[in-house]
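K.L.:
got a sequence here, can you model it:
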Amino acid sequence: MGWKNVKERYQIQHIVQITDEGLCIGPPYIHDIIVIDLATGAFIKRYLPDGWGRNAELIRYQAEIDADAAELLRLIQAPDTFAASLPVFTYRGGDIIEEACEQYGWPNVTHVGHIMYENTFFADKATAIIRAKSAAASRVEWVSERVADCEDKLRIAKALLAQDQAEVIKLNTDYPEVQP
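P.N.:
Predicted structure coming up:
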């Protein structure tokens, strides 16, 4: 996955990472200002300067990419090369996943292009397991509270429904001759 090839070739100063959207380019807090399809090299999303300002670097990246679309696709499809290959661990659901990186910590990216957030990527597997268990337990606690809240609301709604149904029955019984 040539995310590093793209970053180096176009001298991109922003974060370049791979997400479900594609190859994303952007600053730390808006990761997808530019999104490129990994299969075709086509822009999925372009940087569109607005009244808040213009980022000359983002404009430059797009212009250079537009100048040779075939080059971009070649870079994406070419394997990246890395100076180091350090193990790094993360989790998705109940799975502990081992990846590799050149340098630990945010805003560095793994060899496969995942940005390494400090709270989800770890240099040792045990820490990843501890955090995965903690995150799963927190979700169980939150969802349990949500289920209890929904059950309370359902109980109240059922009581209101029973009351309204009783009113309909009473009105139909007391006044059968008047129909809506």
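K.L.:
scan this protein for its longest helix.
P.N.:
Scanning the chain for the longest helix, with DSSP state H as the assignment, gives helix 125-174.
K.L.:
and it, what other elements does it pack with?
P.N.:
strand 86-92, strand 95-101 (3 or more C-beta pairs under 8 Å, 6 or more residues apart in numbering; DSSP states H and E). Backbone N, C-alpha and C define where each C-beta goes, glycine included.
K.L.:
can I get the first one in CSV? Just the C-alpha atoms.
P.N.:
Included here for strand 86-92 are C-alpha records, laid out as CSV according to Å, rounded to 0.1, in the frame of the first residue of the first chain:
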residue,chain,number,x,y,z
LEU,A,86,8.9,-2.2,15.0
PRO,A,87,6.0,-4.3,16.3
VAL,A,88,3.0,-2.3,17.4
PHE,A,89,-0.3,-3.6,18.7
THR,A,90,-3.9,-2.4,18.5
TYR,A,91,-7.4,-3.9,18.9
ARG,A,92,-10.6,-4.1,16.9
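K.L.:
begin at 10, not 1, for the rest of this chat.
P.N.:
New numbering, starting at 10: the last item is strand 95-101.
K.L.:
what's the distance between that strand and the middle of its chain?
P.N.:
Relative to its chain's centre, strand 95-101 lies at 17 Å (C-alpha atoms, centre = their mean, to the nearest Å).
K.L.:
contact partners of it?
P.N.:
Contacts with strand 95-101, where a contact means C-beta atoms under 8 Å, 6 or more residues apart in numbering, come from 105-113, 119, 123, 125, 129-134, 136-138, 140-141, 144.
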